[in-house]
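Undergrad: Pasted the sequence and its predicted model underneath.
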Amino acid sequence: MADTIKKALIVDDEESLREIITEVLSMLEIESIVAENGQQAIELAEQHKENVDLFLIDLFMPNMSGQETFAKLNELIPNKTVIFMSGFDRSNTSLAGEMPPNQYFLKKPFGIMELKDLVASIM
């Protein structure tokens, strides 16, 4: 786990949610890089691989799932913390069961404080 999170890559196909997450992270003095899909996230990760400390990834997106996106991001920038987000309960996703270290799940819709508290606890 990173002692300090300075930059996060947000991957979600919903623009309004990307904006809200960006605002919450800015309250914690975390800079955000935003991508609307997995392919864009990979391109951005290649450009910022030295600086990304945290991934926030929607599990269900068109073209490339959140887990596929994370697998590719993890090859580029290994061993970073990830928060998977989904409108489904975790038990109804491929993340059912015990989560590996540095992987978290946040059910949508979530409150601003819920997101803020989770990220703060990771820091």
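TA: Received, thanks. Residues are numbered from 1 along each chain as shown.
Undergrad: helices and strands around the longest helix that the chain contains, which ones?
TA: When the chain is parsed with DSSP state H, its longest helix is helix 15-27. Packed against helix 15-27 by the contact rule (3 or more Cβ pairs under 8 Å, 6 or more residues apart in numbering; DSSP states H and E) you find strand 7-11, strand 31-35, helix 112-122. Every residue, glycine included, has its C-beta placed from N, CA and C.
Undergrad: Please name every helix or strand in contact with the second one.
TA: This points to strand 31-35. strand 7-11, helix 15-27, helix 38-48.
Undergrad: And the first one, what's buried?
TA: Same thing as strand 7-11. Across strand 7-11, burial judged by 16 or more other Cβ atoms under 10 Å covers 8-11.
Undergrad: next one: the last one
TA: With burial defined by 16+ other Cβ under 10 Å, the residues of helix 38-48 counted as buried are 38, 41-42, 44-45.
Undergrad: I'd guessed Phe105 sits against Ser86; true?
TA: Yes: using Cβ atoms under 8 Å, Phe105 makes contact with Ser86 at a distance of 7.4 Å.
Undergrad: In its sheet, which strands sit next to the helix or strand where Val82 lies, and in what direction?
TA: Of the helices and strands defined by DSSP states H and E, Val82 is found in strand 81-86. Sheet pairing here is set by DSSP bridges, and for strand 81-86 it gives strand 54-58 (parallel), strand 103-107 (parallel).
Undergrad: Understood, closing this out.
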